[in-house]
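[1] The sequence isn't on hand, but the structure is:
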């Protein structure tokens with residue numbers, strides 16, 4: 001399938017912490033992308049009330065216990081999340097977000113299985129191709145390289161939208177280098193998965 005015909009879903013989650021065994025998702029966002037077009041009007045964002053209110057990560061995402069008092073539980077929004085994520089899931093260190101989503105769906109007795117794509121690996125391949133190996137892979141550094149202004153970070157919707165913009169720009173660069181299909185994209189990403197910067 002050609003990249004211009006492919007549906008991507010830029011996603012981001014905020015959690016109560018980093019331990020998938022004990023921590024929970026407290027917000028989720030998805031910004032769909034069709035080929036090179038970001039479908040802003042079809043974006044989805046929700047807060048999610050955790051079972052336990054241990055918000056050690058609040059200093060990063062700013063979501064307070066009060067913010068979550070009236071938020072739906074994961075099971076209330078699981079169907080909508082499943083519907084919304086109907087393409088290749090894209091993110092920065094997307095394995096983290098994907099692992100939390102899979103775990104939460106598993107707790108609901110549902111399998112959540114999707115193809116994922118990490119913008120870090122695309123960036124790594126582009127860096128090698130352009131003779132710029134070793135560039136900083138942090139989200140902030142990638143945003144800076146593409147001239148994106150960091151207005152509000154660690155909000156799931158803002159971060160998902162930044163991911164969508166980065167992917168859009170990466171896809172443009174890839175198309176100029178002859179990477180125009182999902183098959184070719186998967187091949188280059190795989191070549192960078194275990195490679196050092």
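    That came in fine, so what should we check first? These numbers come from a predicted model, not from an experiment.
[2] shouldn't residue 110 be in contact with residue 82?
    Yes - with contact defined as C-beta atoms under 8 Å, residue 110 reaches residue 82; the gap is 7.4 Å. For the C-beta atoms, the positions are set from N, CA and C on the backbone; glycine is no exception.
[3] what's the distance between the nearest residue to residue 118 once chain neighbours are set aside and residue 115?
    Excluding its sequence neighbours, the residue lying closest to residue 118 (C-beta to C-beta, 6 or more residues apart in numbering) is residue 94, at 4.9 Å. From residue 94 across to residue 115, the span is 10 Å (C-beta to C-beta, to the nearest Å).
[4] ok, these two, which is more surrounded?
    Taking neighbours as other C-beta atoms under 10 Å, residue 94 and residue 115 compare with residue 94 leading, 22 against 12.
[5] quick one: contacts for that one?
    11, 116, 117, 118, 119 (C-beta atoms under 8 Å, 6 or more residues apart in numbering).
[6] cool, residue 104 as well?
    For residue 104, counting by C-beta under 8 Å, 6+ apart, the contacting residues are 24, 25, 74, 78, 112.
[7] likewise residue 85?
    9, 11, 30, 101, 114.
[8] The third one belongs to a helix?
    No - secondary structure assignment (DSSP: H, G, I helix; E, B strand; the rest coil) places residue 30 in strand, not in a helix.
[9] neighbours around it, how many?
    Neighbouring residues of residue 30 were enumerated by other C-beta under 10 Å; the total is 27.
[10] and what of the last one?
    For residue 114, the number of neighbouring residues by other C-beta under 10 Å comes to 17.
[11] Now it. Nearest residue, chain neighbours left out?
    Residue 114 sits nearest to residue 89 (C-beta to C-beta, 6+ apart), 4.9 Å away.
[12] give me every residue that touches the one you found.
    Taking C-beta under 8 Å, 6+ apart, we find residue 89 in contact with 8, 9, 11, 97, 98, 114, 115, 116, 117.
[13] What lies in contact with the helix or strand in which the last one is found?
    With elements taken from DSSP states H and E, the one containing residue 117 is strand 116-118. Counting by C-beta under 8 Å, 6+ apart, strand 116-118 makes contact with 8, 88-95, 98, 167, 185, 189, all of which sit outside it.
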